[in-house]
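Asker: The following comprises the amino acid sequence and a computationally predicted model.
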Amino acid sequence: MAMRSSDFPELLDTPLRKIFFLSLENSRPEYQRWINIVETKRAFEDDLRMAEFGSIPQHTEGSTPLFEDAIEGTTKRYAPLEYVGGYIITQVLREDELHGIMGRMTEGLRESQRNLFEVQAYNILNNSTTATTTRLQGFDGLALLSAVHPNLGNPDTQANKPTTDVTLSQLAVENAVNTMTAWTNEKGFPVFHTPSLAIVDTSDQFIAAKIFKNAMRYDTANHEENWVKQGPDMNGISEFIASRYFTATNQWFLLSEKRKHDLNMFIRVHPQFETSIDFPTGNLIVKTRSRLFTSFGRWPGVFGSKGF
């Protein structure tokens, strides 16, 4: 439906002092700080899970060595989804509008695209305990957060969430780091996933600042050093995002650096903007379009709790 001059009579008058339309500047995008952005030129991308080799056994002289086969797991497909929106303005409204707002409507579409990218990125974390669709399932068929992630090469399972979900606290973060330190690869070898970033809800931003920014612990009377921030081996967590896109107020996550986790945004088409004039009506038609897909394959590198 087209926006007509009768819908915006105030814009046809000049006494207005100020119009609040995109009047405030936004901060830089959140999602770019934590998600892996992958440019793709294909209709879909596939990732494959494989298990590493096991330990090398002792060899007896003259005997046949152990030749081990690699284990192939499942694939994960990323197929970009299409997002399209826009608006229509009548020729009369374009001619008579006196404040230049109609000319800035495309800026509004840009903000809508930005919000889309944030929401789609955070879809991974907001649905991290849900596995109802393949998009929300990893290689193992489970949700991102689980207490029973199976391995390919051995019968053990691993957790990247507390047995019982907990809210953000100094002790909860310490326990999470200990859990991440104990993770192994598919064959049970130790792996190194040191968390470098926390993502919390805005309602927990002051608690997060106390945990991740203080040189000393805030929750003890002995004024102990804060080893969450410093790290036992200078590998602490000192950065956090107070996310405005969480759908659960008590959830929180610890992430390894980007190259060590598998939270991905595949971008097939960056936001495009097209305009045209409809000849019979003179209406201005503006459209924006993008194609992207967010999901994950491997769970290691992410620890989280949905709170309660």
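Answerer: Structure received.
Asker: For Val177, list the residues it contacts.
Answerer: 195, 228, 237, 254 (Cβ atoms under 8 Å, 6 or more residues apart in numbering). Quick note: C-beta positions are derived from backbone N, CA and C, even for glycine.
Asker: now, which of those lie within strands?
Answerer: Counting by DSSP state E, the contacts of Val177 place 195, 254 in strands.
Asker: which residues in the stretch 1-150 of the chain form helices?
Answerer: With DSSP state H, counting those that start in this stretch as the criterion, the stretch 1-150 of the chain has helices at 91-96, 105-126.
Asker: part of a strand, is Val200?
Answerer: Yes. According to DSSP: H, G, I helix; E, B strand; the rest coil, Val200 belongs to a strand.
Asker: Give me the number of neighbouring residues for it.
Answerer: 26 (other Cβ atoms under 10 Å).
Asker: I'd assumed Ile241 was in contact with it.
Answerer: Yes. With contact defined as Cβ atoms under 8 Å, Val200 counts as touching Ile241 (7.3 Å).
Asker: quick one: average pLDDT of stretch 57-64?
Answerer: Throughout stretch 57-64, pLDDT has a mean value of 92.
Asker: And for the protein, the residue most distant from the center?
Answerer: Distance from the C-alpha centroid of the chain peaks at Gly62, with 53.8 Å (Cα atoms, centre = their mean).
Asker: just checking, what packs against the lengthiest strand in the chain?
Answerer: Assignment by DSSP E gives strand 263-277 as the longest strand of the chain. Contacts defined by 3 or more Cβ pairs under 8 Å, 6 or more residues apart in numbering; DSSP states H and E place strand 263-277 against strand 36-39, helix 105-126, strand 284-296.
Asker: Quick one: list the elements packing against the last one.
Answerer: Here strand 284-296 touches strand 71-78, strand 81-89, helix 105-126, strand 263-277, going by 3+ Cβ pairs under 8 Å, 6+ apart.
Asker: Take the ones you listed and write them to a markdown table, including mean pLDDT and distance to Ala215.
Answerer: Shown next, in a markdown table, are those (pLDDT from 0 to 100; distance: least, Cβ to Cβ, whole Å):
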| stretch | mean pLDDT | distance to Ala215 |
| --- | --- | --- |
| strand 71-78 | 94 | 41 |
| strand 81-89 | 94 | 44 |
| helix 105-126 | 93 | 29 |
| strand 263-277 | 95 | 30 |
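Asker: For Glu186, which of these is the nearest?
Answerer: Of all the helices and strands packed on strand 284-296, the one in closest proximity to Glu186, counting by Cβ to Cβ, is strand 71-78 (7.4 Å).
Asker: Only C-alpha atoms, please: export the closest one in PDB.
Answerer: The C-alpha trace of strand 71-78 is given here as PDB (Å, rounded to 0.1, in the frame of the first residue of the first chain):
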ATOM      1  CA  ILE A  71      36.000 -41.500  10.800                       C
ATOM      2  CA  GLU A  72      33.600 -39.500   8.700                       C
ATOM      3  CA  GLY A  73      30.600 -38.000  10.400                       C
ATOM      4  CA  THR A  74      27.600 -36.000   9.200                       C
ATOM      5  CA  THR A  75      27.400 -32.900   7.000                       C
ATOM      6  CA  LYS A  76      25.900 -29.500   7.800                       C
ATOM      7  CA  ARG A  77      24.300 -27.400   5.100                       C
ATOM      8  CA  TYR A  78      24.000 -23.700   5.100                       C
END
